[in-house]
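> Sequence and predicted structure are below.
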Amino acid sequence: MTAGSRGDVAPFTGLGHGLARAGHAVTLVTHGRFEPLVAGSGLGFHALPVDPRAELHSTRGRGLHRSATDAGKMLRAVGLVRAALARMTDELIAAAEKSDVLLLSGSLGPVGHAIAEALGLPCMGTHLQPLSPTREFAPPLLGGGHWGAPVNRLAGHGVNLAVERVFSAAVPTVRARLGLPAARIGTARRIRAGLRLPVHHGFSPLVVPRPRDWRAGLEVCGYWWPYDRDVRLPDGLREFLDAGPPPVFVGLGSATVPDPARLSGTIVRALRGAGLRGVVQRGWAGLGAAGDDMLTIDEVPHSALFPRMAAVVHHAGAGTTAAGLRAGVPAVPLPVQFDEGFWAQRLVRLGVAPCAVPLRGLTADALSAALTRATGDAAHRRRAEALGARIRGEDGVAPVLAAVDRLAS
């Protein structure tokens, strides 16, 4: 069970495919618009009614752009998420009633746990971000960083209190509908913090080592790669790649922006200022670029495209960050909100990105300078290639498969 943008869904197609190959019958429960992602994977699909893209383009969704800080964005997101949860509850219950084990993303943890409790089902967390408080870094949902060990952990608990408020309306409804007694105060927060559930995390320990102060049962597995049925690139894209030196990929994934035309112009000026060709992914932001040295594309498998890039410029979402690392190419992160600042900092710390260039206030000069450093300094590519080779050697599915086998028995 997962909810959110494409990046909150795609990794679970690969995890589910791995479980299915091992003999489990797996159903992905998420928004209906993502059903094409499971085609050919051997997974079943149960649709949730909310369309996250429509929500982001709604009046309330566009309000996120008016917040200059991650804390402000989180406050605005509370109403958006609470309304969406209310509409998804019936289908979450219906899917669970046909299941033997529930794997719960961080975005649905408390609701999923209440459903599992009512139906007597074993469950575990499968998280794409480190959500449990730690002294080692500040909460990723607030951009990460290091605020001092005691403050880091205290802030982590504070974020979980805020998340509890998001679920405070949905969890009682689920419990009442399924005949459970009312939960004690703080239950949702404790569940979200991972204090009761085993949780497996779908990122590499080479990128985020397991915090030393995490309790037993919180594991870092390695990445879960999206299932790609067809990794061939479109003919026009292959022709563009073959016509010149490796270009730079630019894409913001499922992020939205208030002025797509203006941002697209900034990106094109930056690429040309650095003397680079560009492949610009339209995405949910509606980006575009034209000219002999530019190509606009829609969705293509990052696993096939990124290894042919000189560098990748992206919003530093967890999934796109992982794809760039897997490909072994330098990055220029343009973090927009929430955990994207955390992943951007990780790329810089690992030496595969020269710096982070936040999307708010982006200028062509700043992006051009970062691109010049990313593509002109051979050390960035050497570090990216070495790290990519190690990450490709990891098996993030195996620990989850072992845990599911234990739960199922």
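Done, it's in. Numbers count the residues shown, from 1 in each chain.
> low-confidence ranges in the stretch 51-200 of the chain?
55-83, 166, 168-169, 183-196 (pLDDT under 70).
> how does it look with 50?
For the stretch 51-200 of the chain, residues meeting the criterion pLDDT under 50 lie at 185-195.
> Let me see the ranges of the strands in it.
Ranges of strands in the stretch 51-200 of the chain, per DSSP state E, counting those that start in this stretch, are 102-104, 123-127, 199-201.
> Tell me how far residue 386 lies from residue 375.
17 Å (CB to CB, to the nearest Å). Every residue, glycine included, has its C-beta placed from N, CA and C.
> if you count what's nearby, which of the two comes out ahead?
A side-by-side neighbour count of residue 386 and residue 375, using other CB atoms under 10 Å, places residue 375 first with 23 against 13.
> what about the nearest residue to residue 104 once chain neighbours are set aside, neighbour count?
Of all residues not flanking residue 104 in the chain, residue 112 sits nearest, at 3.8 Å (CB to CB, 6 or more residues apart in numbering). Neighbour count for residue 112, taken as other CB under 10 Å: 27.
> gap between residue 112 and residue 277?
45 Å.
> Check residue 176 too.
Counting by CB to CB, the gap from residue 176 to residue 277 is 58 Å.
> Compare neighbour counts for the two and give me the winner.
When residue 176 and residue 277 are compared on other CB under 10 Å, the one with more neighbours turns out to be residue 277, at 20 against 13.
> Which phi and psi values does the closest residue to that one other than its chain neighbours adopt?
Nearest residue to residue 277 in three dimensions, chain neighbours excluded: residue 247, at 3.7 Å (CB to CB, 6+ apart). Taking degrees, to the nearest 10, you get phi -90, psi -180 for the backbone angles of residue 247.
> Residue 247: what's it in contact with?
By CB atoms under 8 Å, 6 or more residues apart in numbering, the contact list for residue 247 reads 240-241, 276-279, 295, 309-310.
> and with 7 Å instead?
276-279, 309-310 (CB atoms under 7 Å, 6 or more residues apart in numbering).
> Distance to residue 382 added to those, as JSON lines?
Formatted as JSON lines, the contacts of residue 247 follow (distance: CB to CB, whole Å):
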{"residue": "276", "distance to residue 382": "19"}
{"residue": "277", "distance to residue 382": "22"}
{"residue": "278", "distance to residue 382": "23"}
{"residue": "279", "distance to residue 382": "23"}
{"residue": "309", "distance to residue 382": "16"}
{"residue": "310", "distance to residue 382": "14"}
